[in-house]
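> Any chance you could fold what I've pasted below:
(chains A, B, C, D, E and F)
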Protein chains: 6
Amino acid sequence: MKKSRGIIVGRFQPVHNGHIQIIRNVLEEIDELIIAIGSAQLSHTPKNPFTAGERVTMVKEALNEININPNSYYIIPIPDISNHSLWASHVKTLTPSFNKVYSGNPLVQRLFIENNYEVTTPPLYNRTEYSGREIRNKMINDEKWDILVPNTTYKFIREIDGINRIKDLSQKEINEL
Amino acid sequence: MKKSRGIIVGRFQPVHNGHIQIIRNVLEEIDELIIAIGSAQLSHTPKNPFTAGERVTMVKEALNEININPNSYYIIPIPDISNHSLWASHVKTLTPSFNKVYSGNPLVQRLFIENNYEVTTPPLYNRTEYSGREIRNKMINDEKWDILVPNTTYKFIREIDGINRIKDLSQKEINEL
Amino acid sequence: MKKSRGIIVGRFQPVHNGHIQIIRNVLEEIDELIIAIGSAQLSHTPKNPFTAGERVTMVKEALNEININPNSYYIIPIPDISNHSLWASHVKTLTPSFNKVYSGNPLVQRLFIENNYEVTTPPLYNRTEYSGREIRNKMINDEKWDILVPNTTYKFIREIDGINRIKDLSQKEINEL
Amino acid sequence: MKKSRGIIVGRFQPVHNGHIQIIRNVLEEIDELIIAIGSAQLSHTPKNPFTAGERVTMVKEALNEININPNSYYIIPIPDISNHSLWASHVKTLTPSFNKVYSGNPLVQRLFIENNYEVTTPPLYNRTEYSGREIRNKMINDEKWDILVPNTTYKFIREIDGINRIKDLSQKEINEL
Amino acid sequence: MKKSRGIIVGRFQPVHNGHIQIIRNVLEEIDELIIAIGSAQLSHTPKNPFTAGERVTMVKEALNEININPNSYYIIPIPDISNHSLWASHVKTLTPSFNKVYSGNPLVQRLFIENNYEVTTPPLYNRTEYSGREIRNKMINDEKWDILVPNTTYKFIREIDGINRIKDLSQKEINEL
Amino acid sequence: MKKSRGIIVGRFQPVHNGHIQIIRNVLEEIDELIIAIGSAQLSHTPKNPFTAGERVTMVKEALNEININPNSYYIIPIPDISNHSLWASHVKTLTPSFNKVYSGNPLVQRLFIENNYEVTTPPLYNRTEYSGREIRNKMINDEKWDILVPNTTYKFIREIDGINRIKDLSQKEINEL
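Reported below is the predicted structural model:
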C-alpha cells in the first residue's frame, strides 16, 4: 500500500511544545511527515536568531525525547525564495513527494491550494503561550520560558549561549558606527 | 522620421482608471509608450498580490477595452534590482530604447535624471481615489471598488478569485506555526 | 468562447526567418501566442550578444513587417532561474495564462510536461540555415547573412552596430590584463 | 559522553553502492553522520538530473534497505554558494555541529582544512564502476546499471521515469528554437 | 615584527566627525586599519543615499584632510550577505587578514566573536550629534550640518548635489503611479 | 585644477610584473588610478585561486615595494554581475568617479565605450610570459615563476601556502564522492 506523506512548515525559532503537539497529532493521521524548516537562510536576526542547523538539531532532539519513530519524518531546511508564487514549487523540489499539507497560515494555505494541494488546518493548541515570539521575549526579559519548550531544546539553547545571542540581537542599534 | 518613445513605470497592483488615464494622455504626446511593470518578481504579498503575468493581462485587456492602438505600446515586466543606482540601466537593458520618462515618483525621477534622461511629471489625476492601496483596502473591507478600475480588470480579478487572495494575504499571521 | 493561448520560447540572438515562420504557423492554430524571450538577463556574451530590450524590438518589428495582428501576441522577457525544476512555474508567473506549449527542445518539453502542460513540436523549418549560432558566425566571418533574417532585423542590427559588437565579443581574450 | 558527529558531502546523482558502502563504513567510526546533498538547487541538467527532494528520498530508502539506524544520520540538502571560500561556513550553518569531515575530494578537503576541520579520506571503493557519471551514461546507452545501485534506488528511478528524463537531458540541443 | 591589523565597519552615510575620531584613535593602537564600507550594494534609499564609490571618496578625502598616513589603512566596500551567520567569513574573504575588530554594534560584535575574533568597543564619542541619521535629517530640514562632518565631506556632498538627492529620497511616495 | 582619474580592471590571479608595469606607466599619465579587482566573489577555483582580500594585499604590497605614492591609487574589489550590460554601471557605483579607462580587453573596452567612457589600450608588455594562467601552470608543474612576480607577491603566496592550494584545485575531481 502506498504511504501517505504530509508536510508542515515552521520557522522553529525556537522549537516549542506547540510544534511538538502538532507533529505528534499529525503523525497519527499519516505515515510520514516532512518537517520543513522555513526561512532556512536566516539567522542572527531578532526574529530568526537560530541557524537552520541549530533548528534541525532542536527538532531532532525534541522528537527523540518523546520517542517518535525516526523513520516517520524528514527534517528539511527550506531557504526563502523572493517570488512567493514559486514558493510551493520550490518546497516540492527540496522534499520527498507529499500529498497533504498541514498549515494554519493563510498565505501558506493559499500558495499550496493554488498549486492543487490538499491543505488541512492542524488541530489547535494554545497559540498565545506557545509562540516563538513570546518565548524570545521572555528570554530577553529574563522571564520563565523553560516550561514552554521541550527539555532538550531548553538544554540546547543554554549550551549554545542562545539567550545572550537573542539579547544581543534585540538591542536597539544605538551604537551603530 | 524617428519615432518618439517614452516609458512609464507602475506596479499595477491592480490596474486602475488612474493608470489608464495617464497612458491615454501620454500617448497623445508620443508615438510609442513602454509600460514597465515594476517589482515584477513579487506576488502574493499584501502590497503586491498579483503576479507579473496577471498584471500584463490586466494592462493589455484594459487598453484593448478603450481601443488603444496595440502597436503604440510595449508591456514589459521589470524585476527589482537590489542596487537602486543600477535600476535605470537595468530598465534600459530590458526595454526598447526610449528618450522620455513619465513619472511623478521622486525616486524614479532622480534615478533617470542621474542617468541623463528627460523626465516629465505626467498630468495629474485623482490620486486619493485611484490608488492601488485604496483599492486593495476596499476589497478587504467589502467596499465598492468596481468603478475605480476598468471593466476588464474587474472581471479578471473576479475570475482569478483575486479578492479572496488579497483577503488571505491581509490576515495577520496569528496562525503562524 | 474562451481564447486559446500558446507559448513559444526562444533566445532570439538574433531573430531569424525560422522564428518568424514558426510564429506565423502557430498563430494559425491558436488565438494568441506568448513569445517568451529566454535568458533575458544575458547580453554582451558570444552566445547572447543582444539585450532583452533589443530582442523585444527585433521581434516586434519583424512581426509588424509581415502584418501580424498586434493583438494576437505578447512579447515577454524571461530571465533564467538557477533551478531548472522551477523554470516552468517561473515562466507561468511572468506571462498571461496559456494552455499550449510549442517547443522542439527536449529540456523545455520535459519541464512543461512534468508541470502537466500540453506540448507540441512546432512544424519544422530548415534549422541548419536558420540558426542563431550560424548567423552570428557569418557576421564574424563577414559572410552573407542578411537573407536569413527579416529586413527590419537586418536594419536594426546595423543601426546598433551589432556586427562589431559580436566581433568584439568573439575575440579570444588574449589581451586579458 | 559527547557524541562524535561527522559529515560527508555528495551529489547523489543518483545514489549508488559506493555511496552506501562509504556511509556504512564511516558509521562504524562515529555516532552520527550528516549526509549533505550538494548542489541541492540543481536538477534537470545532464550532470544533475534529480531534484534535492528526489535525492533525499533515494538516500533515505537505501539506508532503510540495509537497516541503518535512522537515528544515526541526518540528510540535509546544501545549495551551492557562489563564493567557494564561504562554502565550509555555509555548510556549517545548515547542519548540526560536526567535528569530522570525510571526503576524498581535494577541493572539499582544502575548504574544510582552511576552516580548521579535521578531514579524513574515507576508505576506498571501486570508483570506476560506482560513479554517478558512469551510471547516467549506462542509462543513456541502455546498458545494465541496476546492479550498481541499491534496489530501492533502481525502483525509485523507474517510478519517476528517471531514465527518460536523463535521456531527454542528454540530447544535443539541435532543436533549440 | 608582524604588523597588527584591525578592522572597523561603518555605513558612512555620510562620513562624519565621529567616524574620523574613531579611526584616528584606533590607528594609535595598531599599525594598519581596514575601513569596511558596509551595505556597499545600497544607494539611493533614505537610509543609504550614497553609493559605495561616493563613500570611498568621502572617507579617503577626509583622511587626507587630517594627514593620516595613506599606507596605514585600506578602504574596502563590503556588500551585505543575506545570511548573517556567514557575514564575518564574507568580510574576511574581501579584506586583508586582520586580528582585531573594533565595533560598538552588538550584532557585529557577536558575529565576529562567534568566529573567534577579538573584539574591542572603540572609545566613545558624542553619538547623539555624530550620527548619520541625524545628519541626513538636518539636511532634509535645512538645518546646519556642516560642522558635523569633515570639510571635504561637506564640499563633496554639495558637489554631487547630495542634499537634493536625500530630500528626494525622503519624500513620502504619495505620487507612486 | 581638477584631478584626472583612470581605472584598470584585472583579476590579479596572482599579481605579476606585467600588472605592475602597466600601473606604473598609466600613473605617469594621470593623477589617480583605480585598480579594480575583478571577479572579486571568486576564489578557490583553478582560474581564481585567491580571495579578493588576498589580491588586495598582493597589489598593495607590490606597489609599496616600488614606492608608488599611496595617495595616487585606490584598490577596489568588484564582484561580477550576471548581466554584462550592467557591468560598467556597476563598476561606476563601486568606485570613485573616473574619466579614463585603460584596458586591452575587447569586452571591457566595448562595455565602457557603450557607456560613453574614453578607453585607452595600455602600453604593451610581454603577455606570453606575464600571464596569470602561465604562472599558475608553472606553480602546478614546479617550474620557476618567482621572477615573473614582485618579491612581495612571491613571499605572500608562500606564506599562505598558495602553491599547494593551486595544486589541490587543479586536481581532476577523480575522487568525487
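
> and the helix or strand hosting A:V101, what other elements does it pack with?
Element membership for A:V101, per DSSP states H and E: strand A:100-102. Applying 3 or more Cβ pairs under 8 Å, 6 or more residues apart in numbering or on different chains; DSSP states H and E, one finds that strand A:100-102 contacts strand A:5-10, helix A:106-113, strand A:118-120. C-beta here means a position set from N, CA and C on the backbone, and glycine is covered the same way.

> most neighbours per residue, which of these?
Using mean count of other Cβ atoms under 10 Å in any protein chain shown, the stretch among the helices and strands packed on strand A:100-102 with the greatest mean number of neighbours is strand A:5-10 (a mean of 23).

> now for it, which elements pack on it?
With contacts taken as 3+ Cβ pairs under 8 Å, 6+ apart, strand A:5-10 sits against helix A:17-29, strand A:32-37, strand A:100-102.

> Tell me which of these is the most buried.
Most buried among the helices and strands packed on strand A:5-10, counting by mean count of other Cβ under 10 Å: strand A:32-37, with a mean of 23.

> How about residues contacting the next helix or strand after it?
For strand A:32-37, the following helix or strand on the C-terminal side (DSSP H and E) is helix A:52-65. Among residues not part of helix A:52-65, those counted as contacts by Cβ atoms under 8 Å, 6 or more residues apart in numbering or on different chains are A:11-15, A:19-20, A:23, A:35, A:37, A:40-41, A:43, A:50, A:70, A:73, A:75, A:77, A:150-153, A:156-157, A:160, A:162, D:71, D:74, D:76, D:92-97.

> In helices, which of those residues fall?
A:H19, A:I20, A:I23, A:N151, A:T152, A:T153, A:F156, A:I157, A:G162, D:K92, D:T93, D:L94 (DSSP state H).

> got a list of what the fifth one touches?
Going by Cβ under 8 Å, 6+ apart, A:T152 touches A:M58, A:E61, A:A62, A:N64, A:E65.

> next one: the first one
With contacts defined as Cβ under 8 Å, 6+ apart, A:H19 is in contact with A:G10, A:F12, A:V59, A:A62, A:Y130, B:L177.

> A:H44 now?
Counting by Cβ under 8 Å, 6+ apart, A:H44 touches A:T51, A:R165, A:L169, E:H84, E:S85, E:W87, E:L107, E:R110, E:L111.

> change it to 10 Å
Taking Cβ atoms under 10 Å, 6 or more residues apart in numbering or on different chains, we find A:H44 in contact with A:50-51, A:165-166, A:168-169, D:93, E:83-87, E:107, E:110-111, E:114.

> Please tabulate the helices and strands packed on strand A:5-10 in TSV and include distance to D:I140 and mean pLDDT as additional columns.
Putting those into TSV (distance: least, Cβ to Cβ, whole Å; pLDDT from 0 to 100) gives the following:
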stretch	distance to D:I140	mean pLDDT
helix A:17-29	41	95
strand A:32-37	32	98
strand A:100-102	36	96
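
> would CSV of these with distance to A:V119 be doable?
Converted to CSV, the helices and strands packed on strand A:5-10 look like this (distance: least, Cβ to Cβ, whole Å):
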stretch, distance to A:V119
helix A:17-29, 13
strand A:32-37, 14
strand A:100-102, 5
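
> can you redo the helices and strands packed on strand A:100-102 as TSV with mean pLDDT?
Putting the helices and strands packed on strand A:100-102 into TSV (pLDDT from 0 to 100) gives the following:
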stretch	mean pLDDT
strand A:5-10	96
helix A:106-113	93
strand A:118-120	94
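
> Counting neighbours, what do you get for the residue in chain A that chain F sits nearest to?
Evaluated by Cβ to the nearest Cβ, chain A has A:S82 as its residue closest to chain F, separated by 14.8 Å. Neighbour count of A:S82, defined by other Cβ atoms under 10 Å in any protein chain shown: 10.

> pLDDT weak spots in chain A?
Chain A contains residues with pLDDT under 70 at A:1, A:124-126, A:172-177.

> Which residue would be the closest one in it to chain C?
Per Cβ to the nearest Cβ, A:S89 is where chain A lies closest to chain C, at 4.2 Å.

> which residues does the closest residue to A:F112 other than its chain neighbours form a beta bridge with?
Of all residues not flanking A:F112 in the chain, A:V101 sits nearest, at 4.5 Å (Cβ to Cβ, 6 or more residues apart in numbering or on different chains). In this entry, A:V101 is beta-bridged to A:I7, A:V119, by DSSP bridges.

> Alongside chain B, which residues does chain A contribute?
A:8-12, A:18-19, A:22, A:36, A:38, A:81-87, A:102-111, A:113-114, A:121-122, A:124, A:127-128, A:131-133 (Cβ under 10 Å from any Cβ of the partner chain).

> From chain B, how far off is A:V15?
11 Å (Cβ to the nearest Cβ, to the nearest Å).

> do the same with A:I37
From A:I37 over to chain B the distance is 11 Å, taken as Cβ to the nearest Cβ.

> circling back to that earlier point, from the chain's centroid, how far away is the strand holding A:V101?
In terms of Cα atoms, centre = their mean, to the nearest Å, the centre of strand A:100-102 is found 15 Å from the chain centre.

> Is A:H90 in contact with C:T93, as I believe?
No: when contacts are counted by Cβ atoms under 10 Å, A:H90 is not listed as touching C:T93 (11.9 Å).

> Common neighbours of the two, please.
Common neighbours of A:H90 and C:T93, counting by Cβ under 10 Å, 6+ apart, are A:N83, A:H84, C:L86.

> What is the distance between stretch A:120-135 and the centre of its chain?
Taking the mean of its C-alpha atoms, stretch A:120-135 sits 11 Å from the chain's own mean (Cα atoms, centre = their mean).

> Please disregard the earlier target; I meant stretch A:54-73.
For stretch A:54-73, the distance to the chain centre is 12 Å (Cα atoms, centre = their mean).

> Buried residues in stretch A:154-166, which are they?
Buried residues in stretch A:154-166, counting neighbours by 16 or more other Cβ atoms under 10 Å in any protein chain shown, are found at A:Y154, A:F156, A:I157, A:I160, A:G162, A:I163, A:R165, A:I166.

> which among these gets closest to C:K144?
A:R165 (68.3 Å; Cβ to Cβ).

> how about the closest one, what does it touch?
Contacts of A:R165 by Cβ under 10 Å, 6+ apart are A:S43, A:H44, A:P49, A:F50, A:E54, A:M139, A:I157, E:P106, E:L107, E:R110, E:E114.
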